[in-house]
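Colleague: no sequence for this one, just the structure:
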């Protein structure tokens, strides 16, 4: 359940070969972060810290870019600082795909290493996949297992929106079970 110490995969916080434990304060968020498929099984563990931890909290509660917010050029003083920390949190929060260029991790790994080298035990950052806060611990031994259970993924809900204004047309098919009034979309081969 913990990363292999000698074979750690690269992550948002850690470079390849240096293990980091990624956890969340919310079970659903923890499950969403591993990107399961419907019908898959996920082991979820409850952990407890062994001692007090010094964490860097990047989980800023300020939203930028929302309606009613000031344009960036009008930000002043503490607003600029909040915006910078919001950007750092976003860099850690935005989900990535497994086939993304690993060089994309370099900025967040660099930031994490700076905090680790200053003696911090880990980082807190918001999840863009769930409502919880994620925690990346530099020391795998900072927590101990309390309990674990297997969860079966029964359903995944998504929300989507149009990205850009251009519609790309593809093949359309009708099933013999429809009257032709329902749109059906298929993936291109």
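Modeller: Nice, thanks for sending it over. Because the structure is a prediction, the values reported are computed rather than measured. Numbering: from 1, shown residues only.

Colleague: Three-state assignment for the nearest residue to residue 153 once chain neighbours are set aside, please.
Modeller: Ranked by Cβ to Cβ, 6 or more residues apart in numbering and with sequence neighbours excluded, the top spatial neighbour of residue 153 is residue 36, at 4.5 Å. C-beta: built from backbone N, CA, C; applies to glycine. Here residue 36 is coil, with the state taken from DSSP: H, G, I helix; E, B strand; the rest coil.

Colleague: burial of residue 36, as a residue count?
Modeller: Using other Cβ atoms under 10 Å, residue 36 has 15 other residues around it.

Colleague: and the top helix by length along the chain, what other elements does it pack with?
Modeller: Identified as the longest helix of the chain according to DSSP state H is helix 78-93. On a contact count with 3 or more Cβ pairs under 8 Å, 6 or more residues apart in numbering; DSSP states H and E, helix 78-93 meets helix 106-117, strand 122-126, strand 133-137.

Colleague: wait, the residue nearest to residue 153 touches residue 42, no?
Modeller: Yes: Residue 36 lies in contact with residue 42 (Cβ atoms under 8 Å); the separation is 5.2 Å.

Colleague: list the residues that contact both of the two?
Modeller: Contact criterion Cβ atoms under 8 Å, 6 or more residues apart in numbering; residues shared by residue 36 and residue 42: residue 153.

Colleague: all strands for this protein, in order.
Modeller: 21-24, 41-49, 55-57, 122-126, 133-137, 143-152 (DSSP state E).

Colleague: buried ones in the last one, by neighbour count?
Modeller: So the one you mean is strand 143-152. residue 143 (16 or more other Cβ atoms under 10 Å).

Colleague: in this protein, which helix or strand is least confident?
Modeller: Least confident element among the helices and strands of the chain, by mean pLDDT, DSSP states H and E: helix 78-93 (a mean of 84).

Colleague: got a list of contacts for that one?
Modeller: Contacts for helix 78-93 (Cβ under 8 Å, 6+ apart): 12-13, 58-60, 62-64, 70, 72, 75, 107-108, 111, 123, 125-128, 134, 136.

Colleague: thank you kindly, that will do.
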